[in-house]
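Asker: have a look; sequence and predicted model below, questions after that.
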Amino acid sequence: LYQVVGLDGAFALCALLYLFALTMLFATTHITREPHGAHQTIFQDLKAGGRALKASSTLPGILAVTVVFNVWAFPFVSMVPVFAKEVLGLSDAATGMLVSAEGAGAFVGAIALSLFARSEHSRYLYVGSVLVYCVFALGFSQSTWMWFSALALLTVGFVSAAFGSMQSALVLMNSPAGFERQMMGVLSVCIGTAPLGFLHIGLLADWLGTPLACSITAVEGVIAMLWVVWRWPELRAHQPLSLA
């Protein structure tokens with residue numbers, strides 16, 4: 001799309017698709033599992049999920065980790081091509097290879113998780129992955145050597161696989177019986193905070209430069225994660241295999 005219609009055209013098409021999705025969202029209803037089989041909108045479903053969320057001691061912390069990741073960790077990858085050009089001085093091909101390191105790390109991480117991860121360690125993997133992500137994002141922002149940058153992105157990708165795998169699993173494992181669907185809706189809302197993170201790091205990069213913007217965002221992410229772990233100590237415990 002960039003090549004055929006340019007940047008403006010690509011973003012215009014994305015905006016139209018999002019508008020279509022929003023229209024469909026307002027029009028969508030589903031049948032609840034209640035005995036009367038009443039129709040309920042997605043927004044009513046989210047409200048019910050909010051009520052169930054208040055009754056849980058663990059789910060708010062799990063969702064808070066998702067917000068931290070989407071606001072302070074994930075937006076970092078949008079700065080990688082800019083960093084590669086401005087700081088490392090890489091060619092287009094080398095920039096593409098550097099960016100692909102994150103995906104390669106995620107691929108290896110997904111395989112490692114399938115072979116070695118245990119369900120009772122889900123919370124440790126979930127929390128630890130965000131902390132490691134922010135630390136290596138900080139290391140990347142200080143790098144002037146392509147190979148170290150690639151290693152940092154490989155690590156970031158590796159731990160992002162752990163985060164992605166554990167995110168939905170933990171929400172489902174810790175949801176009150178019968179409220180799994182609503183909790184997944186609340187999770188989607190938390191994931192939707194990502195544009196705030198992209199705006200945040202983009203403004204910092206415009207004001208302070210890409211390296212400093214990445215550094216500040218990573219440090220903020222570490223501080224936010226430490227607060228979340230302190231606020232919800234349940235995140236430092238084993239994941240029960242059954243909530244019964």
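Answerer: Alright, I've got the coordinates.
Asker: do a quick rundown of the helices in the chain.
Answerer: Applying DSSP state H to the chain gives helices spanning 2-27, 42-54, 59-68, 80-86, 92-116, 122-141, 146-174, 180-191, 194-208, 210-231.
Asker: low-confidence ranges in this protein?
Answerer: 2-3, 29-42, 242-244 (pLDDT under 70).
Asker: ok so, going back, which of the helices of the chain sits closest to A237?
Answerer: Closest to A237 of these, according to Cβ to Cβ: helix 122-141, at 6.6 Å. No exception for glycine: its C-beta is placed from N, CA and C like everyone else's.
Asker: mind saving the C-alpha coords of that closest one as CSV?
Answerer: Extracted in CSV, the C-alpha atoms of helix 122-141 (Å, rounded to 0.1, in the frame of the first residue of the first chain):
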residue,chain,number,x,y,z
SER,A,122,2.3,-18.7,34.3
ARG,A,123,2.3,-15.7,36.6
TYR,A,124,6.0,-15.6,36.9
LEU,A,125,6.4,-15.8,33.1
TYR,A,126,3.8,-13.1,32.5
VAL,A,127,5.2,-10.6,35.0
GLY,A,128,8.9,-11.4,34.3
SER,A,129,8.4,-11.1,30.5
VAL,A,130,7.3,-7.5,30.8
LEU,A,131,10.1,-6.5,33.1
VAL,A,132,12.7,-8.2,30.8
TYR,A,133,11.1,-6.6,27.8
CYS,A,134,11.5,-3.1,29.3
VAL,A,135,15.1,-3.7,30.5
PHE,A,136,16.2,-4.9,27.0
ALA,A,137,14.3,-2.1,25.4
LEU,A,138,16.4,0.3,27.6
GLY,A,139,19.6,-1.6,26.5
PHE,A,140,18.6,-1.3,22.9
SER,A,141,18.1,2.5,23.3
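Asker: dump the residue contacts of the closest residue to E180 other than its chain neighbours.
Answerer: Counting by Cβ to Cβ, 6 or more residues apart in numbering, the nearest residue to E180 once its immediate chain neighbours are dropped is L172, at 5.5 Å. By Cβ atoms under 8 Å, 6 or more residues apart in numbering, the residues touching L172 are 180, 183-184.
Asker: may I see the PyMOL selection of the buried members of those?
Answerer: One line in PyMOL is enough to select the buried ones among the contacts of L172; burial here means 16 or more other Cβ atoms under 10 Å:
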select buried, resi 180+183
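Asker: quick check, nearest of the contacts of L172 to K85?
Answerer: For the contacts of L172, the nearest to K85 is M184 (38.4 Å; Cβ to Cβ).
Asker: hmm, that closest one is touching V171, no?
Answerer: Yes: contact status for M184 versus V171: in contact at 6.3 Å, counting by Cβ atoms under 8 Å.
Asker: so how far is Q239 from the residue nearest to E180?
Answerer: Distance, L172 to Q239, using Cβ to Cβ, to the nearest Å: 11 Å.
Asker: ok so, going back, out of the helices of the chain, which is closest to F74?
Answerer: helix 194-208 (6.0 Å).
Asker: with distance to F74 added, can I get the helices of the chain in a markdown table?
Answerer: Output for the helices of the chain, formatted as a markdown table (distance: least, Cβ to Cβ, whole Å):
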| stretch | distance to F74 |
| --- | --- |
| helix 2-27 | 18 |
| helix 42-54 | 22 |
| helix 59-68 | 10 |
| helix 80-86 | 12 |
| helix 92-116 | 11 |
| helix 122-141 | 8 |
| helix 146-174 | 8 |
| helix 180-191 | 9 |
| helix 194-208 | 6 |
| helix 210-231 | 10 |
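Asker: run a quick neighbour tally on the closest residue to S141 other than its chain neighbours.
Answerer: Using Cβ to Cβ, 6+ apart and skipping residues adjacent in sequence, the residue nearest S141 is C214, 3.5 Å away. C214 has 27 neighbouring residues, counting by other Cβ atoms under 10 Å.
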